[in-house]
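In: Provided below are the primary sequence and the corresponding predicted coordinates.
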Amino acid sequence: KQEVTQIPAALSVPEGENLVLNCSFTDSAIYNLQWFRQDPGKGLTSLLLIQSSQREQTSGRLNASLDKSSGRSTLYIAASQPGDSATYLCAVKYPETSGSRLTFGEGTQLTVNP
Amino acid sequence: DAGVIQSPRHEVTEMGQEVTLRCKPISGHDYLFWYRQTMMRGLELLIYFNNNVPIDDSGMPEDRFSAKMPNASFSTLKIQPSEPRDSAVYFCASSFPGEYETQYFGPGTRLLVL
């Protein structure tokens, strides 16, 4: 069964800290992996997408890495700000046999305290 | 583009009533997804369409749920009859296929069945 797990479920840090969110997946034969952000009462916003052939993607203060062999991805947030407070979800897409289905983790709820 | 549009944003109904959720995908996107999010089960894919054709409805919980996509710019998710356990946030998302496909989510419909 293809499962995606995110640890920790919740994280609280002071403003300015660098932090890492973790995502693990049971089946390493992925097509791509995405990190999403969800603000309270809102939909999901895609932050970064990493293809299976890539090792990392960067956007501003965000860096996502992918290690297929170990079934892990990390989202690194540099110099965290209160505006980064949200729930972060990772989602995995498997090859075409599963169509366009994404398998989501349960998310990490991040709070950045001023 | 206005993004993915969902209506209504909030719906409160009584058990046994019919509920219809609506979605307008981003113009030019030919994939449309319906998700359900609850605290207990996280984000679950219910069904998705490609070029208005249902591709995978294995996530639809039971026959009380049905989805249609009569044209490229409109989709509905119907629950009849509704039950309290259907209370959740229902998201619609759309995407354009390609190497860097990203799903764009609507703001969601928060459904409460009393």
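Out: Received, thanks. Keep in mind it's a predicted model, so treat the numbers as computed, not measured.
In: Quick one: name the residues of chain A near chain B.
Out: With Cβ under 8 Å from any Cβ of the partner chain as the criterion, chain A meets chain B at residues A:34, A:36, A:41-46, A:49, A:51, A:89, A:99-102, A:104-107. Where you see a C-beta, it was placed from the backbone N, CA and C, and this is true even at glycine.
In: Angles on the backbone of A:G83, please.
Out: Phi and psi for A:G83, reported as degrees, to the nearest 10, are phi -70, psi -10.
In: For A:V13, which residues count as its bridge partners?
Out: A:V13 forms beta bridges with A:V112, as assigned by DSSP bridges.
In: no no, A:S24
Out: Going by DSSP bridges, A:S24 forms beta bridges with A:T5, A:R72.
In: is the helix or strand containing B:F49 anywhere near chain A?
Out: According to DSSP states H and E, B:F49 maps onto strand B:42-50. Yes: on the criterion Cβ under 8 Å from any Cβ, strand B:42-50 is in touch with chain A at B:G42, B:L43, B:L45, B:Y48, B:N50.
In: Name the helix or strand of chain A that has the lowest mean pLDDT.
Out: strand A:102-104 (a mean of 88; mean pLDDT, DSSP states H and E).
In: which bits of chain B sit near chain A?
Out: So chain B meets chain A at B:4, B:31, B:33, B:42-43, B:45, B:48, B:50, B:55-56, B:91, B:93, B:95, B:97, B:99-108, B:110 (Cβ under 8 Å from any Cβ).
In: Not counting its neighbours along the chain, what's nearest the residue in chain A positioned nearest to chain B?
Out: Residue nearest to chain B within chain A: A:G43 (3.5 Å; Cβ to the nearest Cβ). Among residues not flanking A:G43 along the chain, B:F105 sits closest, at 3.5 Å (Cβ to Cβ, 6 or more residues apart in numbering or on different chains).
In: Do you have the strands of chain B handy? List them.
Out: Counting by DSSP state E, chain B has strands at residues B:5-7, B:10-13, B:19-24, B:31-38, B:42-50, B:53-56, B:65-71, B:74-79, B:88-95, B:104-105, B:109-113.
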